[in-house]
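**Student:** Here's my sequence, what's the structure:
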Amino acid sequence: MDASVDRIAQPWGSLTPYGRDEPWPERVDTYLMAGVEPGQVQRWVQAASVLHSDGDAMDIAVMDGRMAEVRGRADDRVNRGRLGPKDLFGWQADASPDRLTRPLVREGGRLVQCDWGTAKERIVDRSRELLGRHAMRTSLCSPTG
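**Tutor:** Numbering: from 1, shown residues only. Sure thing, here's the model as predicted:
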């Protein structure tokens, strides 16, 4: 990542101005995990962001079977190499020791692990209950960014 850009003060990165008849310039945003050098990356996997509806193109660096870096893909027509804050930093949650890998449901006021089928069934049942009771005042959505 370009250390000269404060991504807290400028979450979308540095500006890349261009003229009316000029193409939007490329700018490849990159974030490498601390302690990893670019030469240590074992392979790159092409991907598209699933954290919002734009589908920004990115490459994911893999090292020892884990994500180690993300970088925007400059030749992509959607983002021209740019990555927003969620794409640039959100992938780190995958490696977090606090990351949930199983769904939790509430049982008697406590959260307990369950299988995915049970969790989905609970969501469907509760959604049907709310829709039956409140009809159009209740809505479901899947946040995309």
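
**Student:** What segments of this structure are helices?
**Tutor:** 85-89, 116-134 (DSSP state H).

**Student:** Please name the nearest non-neighbouring residue to the residue nearest the centre of the chain.
**Tutor:** The centroid of the chain falls nearest to Leu51 when counting by CA atoms, centre = their mean (3.8 Å). Of all residues not flanking Leu51 in the chain, Lys86 sits nearest, at 4.4 Å (CB to CB, 6 or more residues apart in numbering). Quick note: C-beta positions are derived from backbone N, CA and C, even for glycine.

**Student:** List the residues that contact Trp91.
**Tutor:** Ile60, Met67, Val70 (CB atoms under 8 Å, 6 or more residues apart in numbering).

**Student:** Of those residues, which is the most crowded?
**Tutor:** In terms of neighbours by other CB atoms under 10 Å, the contacts of Trp91 top out with Val70 at 25 neighbours.

**Student:** That residue against Lys86, yeah?
**Tutor:** No. Val70 lies out of contact with Lys86 (CB atoms under 8 Å); the separation is 10.6 Å.

**Student:** The residue nearest to Leu51 touches Val50, doesn't it?
**Tutor:** No. The pair Lys86 / Val50 is not scored as a contact, 10.0 Å apart, by CB under 8 Å.

**Student:** so how far is Asp54 from Met33?
**Tutor:** 24 Å (CB to CB, to the nearest Å).

**Student:** typo on my end, it should be Arg106
**Tutor:** From Arg106 to Asp54 the distance is 34 Å (CB to CB).

**Student:** And for Leu104?
**Tutor:** Separation of Leu104 from Asp54 (CB to CB) stands at 30 Å.

**Student:** Please apply the same query to Gly132.
**Tutor:** Applying CB to CB to Gly132 and Asp54 gives a distance of 35 Å.

**Student:** Could you do Gly90 as well?
**Tutor:** Distance of Gly90 to Asp54, given as CB to CB: 14 Å.

**Student:** so where is the chain shaky, pLDDT-wise?
**Tutor:** The chain contains residues with pLDDT under 70 at 1-4, 134-145.
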